[in-house]
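S.K.: mind looking at a prediction? Sequence and model below.
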Amino acid sequence: MLFYLLPVDKLKTTNILLLIIVFFLAGFVLQLTREVLIPILLALILAYIMDPAVHLFRKRLHLPLWLSVLGASVLFLILFTAFAVLLYRSLNDFAHSFPVYQEKITLILKDATARLNSMLNGSIKIDLLESFNKLQITSTAFTIAKSLISYLFEFSLIFFFSVLIVYGKYRFQKKIVRAFPRKKGKMIPIIIAGIDREVKKYIVLKTLICLSTALLTVIILLIFHVEFAVIFGFLTFVLVYIPTLGPIIAALLPSFMALAQFSSLTLPFWIFLALITMHLAIGGLIEPKIMGNGLNLSLLVVFISLLFWGWLWGTPGVFLAVPMTTSIKIILENIPVTAPFAILMERVKRRRYSKA
C-alpha cells in the first residue's frame, strides 16, 4: 500500500515546488517588464473607458468603426485637455501660495507637538514639524507642474495604445469566431465575450463612481470656500480606487488644508465630517448596489493585492492593484475550471436557502 502512495506524495511535492518556482518567476518577469506592462495596463483601462462612446456611435449613429473610434478619441481628448489645463493652473497657484499656509501649519504643528509630548511625559519624543518639513510640498508641487509636459508625452503613448486596443477589440471578436468553429469550441467565444463584458462593466462603473465622488468633493469644498478644490478633487478621483484607506486620505487632505486656511478646528471638522459621510454613503450604500458582484472581494484579498502590487510596481501598483485583482476574479469566475478560485476571493455572504 505504501509503495503505491509514495509516487503520489512525490508528485504532490513536485507540483507544490513547481508552483512556488512559477510564482517567483512570474514575480521576477513582472518586475523586469514593469516599464512595459504598466503603460499597457493603463492603455487597456483607458480603452475600456472609451469603449461605451464607440459603442454609442456605432449603434445609435450607425457610424463605421474607424469613425466611431475617432469620434470617441476626439471627445476624450477635449475633456482631458480642459481638465489638464485647469489642473496645471491650480498646481501652479498652489505652489506659489503654499508658503503662506506653511507658516500657519508650522505654528499648529508646534503647538500639537508640545501638547503630545506633555501628554506622554516625554517618554516618546514626537516631532511633527520635522516630519512635515521632510514632505517638501512646495518643491513637489513645482516639480509636478513643470513635469506635466513629460507626463503628457507618456500619456500620448498610452492614449495611442488605447486607440489601437479599442479598434482591434472589435476585429478580435470576429477572429475568435473564425478561429474556433461552433462544433469544436463554441464555448470559447462565449467565455471571452463574458469576460470582456464584465471587465468593461467594472472599469466603466468604477470610473464613473470615482468621477462622481471627485465632483462631489469639489462641490463640498467650494461650499466651504476651501482653496484648491480642483487639486483635491483630482486626488480624490485617484485615491478612491484604493478601498478603505483611499477615501480616508481623500477626506483628510482637504481638511488639513482647511485647518491651515482658517486657523480653526471647527470648520475643518465639519468639512471632514461632510467628506467622510459622503465617502461612506457612496462606498457603503450606492457602490455595492451599482457594482453588484463586480467588487465582491474580501478585505484580506484586497489587502494582500495592495501589498503585493505595491511591492512589485511601487505607487502605480497600489493604484492598479484592485482593478487588476477584480479583473482576475472576473476572468476566473467566467472559466468553469477556475470558478472555485473566484469564490475563494469573495466576501462571505449570508444566504437564505428555501426548502424544496
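M.R.: Great, that's in hand. Numbering: from 1, shown residues only.
S.K.: residue 157 - how many residues pack around it?
M.R.: When neighbours are counted by other CB atoms under 10 Å, residue 157 registers 12. Just so you know, the C-beta spots here come from the backbone N, C-alpha and C atoms, and that holds for glycine as well.
S.K.: if I look at the residue lying closest to residue 296 once chain neighbours are set aside, how far off is residue 339?
M.R.: Counting by CB to CB, 6 or more residues apart in numbering, residue 296 lies nearest to residue 346, which is 4.8 Å off, once chain neighbours are set aside. As judged by CB to CB, to the nearest Å, residue 346 and residue 339 stand 11 Å apart.
S.K.: neighbour-wise, which of the two wins?
M.R.: residue 346 (14 against 11).
S.K.: so residue 158 touches residue 43, yeah?
M.R.: Yes: contact status for residue 158 versus residue 43: in contact at 4.8 Å, counting by CB atoms under 8 Å.
S.K.: touching, residue 194 and residue 335? I think so.
M.R.: No: Residue 194 is beyond contact range of residue 335, at 9.4 Å (criterion: CB under 8 Å).
S.K.: residue closest to the middle of the protein?
M.R.: residue 241 (3.3 Å; CA atoms, centre = their mean).
S.K.: so who does the residue nearest to that one when sequence neighbours are not counted touch?
M.R.: Excluding its sequence neighbours, the residue lying closest to residue 241 (CB to CB, 6+ apart) is residue 319, at 5.4 Å. For residue 319, the contacting residues are 238, 241-242, by CB atoms under 8 Å, 6 or more residues apart in numbering.
S.K.: any idea how far residue 319 is from residue 235?
M.R.: Counting by CB to CB, the gap from residue 319 to residue 235 is 12 Å.
S.K.: quote the end-to-end distance of stretch 231-250.
M.R.: One end of stretch 231-250 sits 11 Å from the other (CA to CA, to the nearest Å).
S.K.: contacts for it?
M.R.: Stretch 231-250 is contacted by residues 87, 90-91, 94, 206, 209-211, 213-215, 217-218, 221, 226, 253-254, 257, 275-276, 279, 283, 295, 299, 302, 306, 318-319, 321-323 when judged by CB under 8 Å, 6+ apart.
S.K.: any low-confidence regions in the stretch 101-250 of the chain?
M.R.: By pLDDT under 70, the low-scoring segments of the stretch 101-250 of the chain are 102, 105, 108-150, 173, 177, 180-187.
S.K.: how about a cut-off of 90?
M.R.: For the stretch 101-250 of the chain, applying pLDDT under 90 flags the ranges 101-157, 167-207, 227-228, 231, 238-246.
S.K.: quick one: the helices in it?
M.R.: 128-135, 137-146, 148-179, 182-185, 187-223, 229-239, 245-262 (DSSP state H, counting those that start in this stretch).
S.K.: export these to CSV and append columns for distance to residue 54.
M.R.: What follows is the helices of the stretch 101-250 of the chain, written out as CSV (distance: least, CB to CB, whole Å):
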stretch, distance to residue 54
helix 128-135, 42
helix 137-146, 32
helix 148-179, 6
helix 182-185, 27
helix 187-223, 11
helix 229-239, 23
helix 245-262, 29
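S.K.: hmm, back to that, how close does the residue nearest to residue 296 sit to residue 288?
M.R.: 13 Å.
S.K.: next one: residue 27
M.R.: Residue 27 is 32 Å from residue 288, by CB to CB.
S.K.: tally of neighbours for the nearest residue in space to residue 229 that is not next to it in sequence?
M.R.: Distances taken as CB to CB, 6+ apart place residue 221 nearest to residue 229, at 3.9 Å, with adjacent residues excluded. Residue 221 has 25 neighbouring residues, counting by other CB under 10 Å.
S.K.: before we move on, what about the one 5 residues further on?
M.R.: Residue 226: 21 surrounding residues under other CB under 10 Å.
S.K.: phi and psi next, for it.
M.R.: Phi and psi for residue 226, reported as degrees, to the nearest 10, are phi -80, psi 130.
S.K.: leaving out sequence neighbours, find the closest residue to residue 233.
M.R.: Using CB to CB, 6+ apart, the closest residue to residue 233 is residue 218 (3.9 Å).
S.K.: verify the stated contact: that neighbour with residue 226.
M.R.: No: assessed by CB under 8 Å, residue 218 is found out of contact with residue 226, at 9.7 Å.
S.K.: the residue nearest to residue 241 sits in which helix or strand?
M.R.: helix 315-334 (DSSP states H and E).
S.K.: just the buried residues of that helix, please?
M.R.: When burial is assessed from 16 or more other CB atoms under 10 Å, helix 315-334 yields the following buried residues: 316-334.
S.K.: ends of stretch 258-268, what's the gap?
M.R.: Start-to-end, stretch 258-268 (CA to CA) is 5 Å.
S.K.: quick one: mean pLDDT over that stretch.
M.R.: The average pLDDT within stretch 258-268 is 83.
S.K.: so how far is that stretch off the chain centroid?
M.R.: Stretch 258-268 has its C-alpha centroid displaced from the chain centroid by 30 Å (CA atoms, centre = their mean, to the nearest Å).
S.K.: cheers, nothing more for now.
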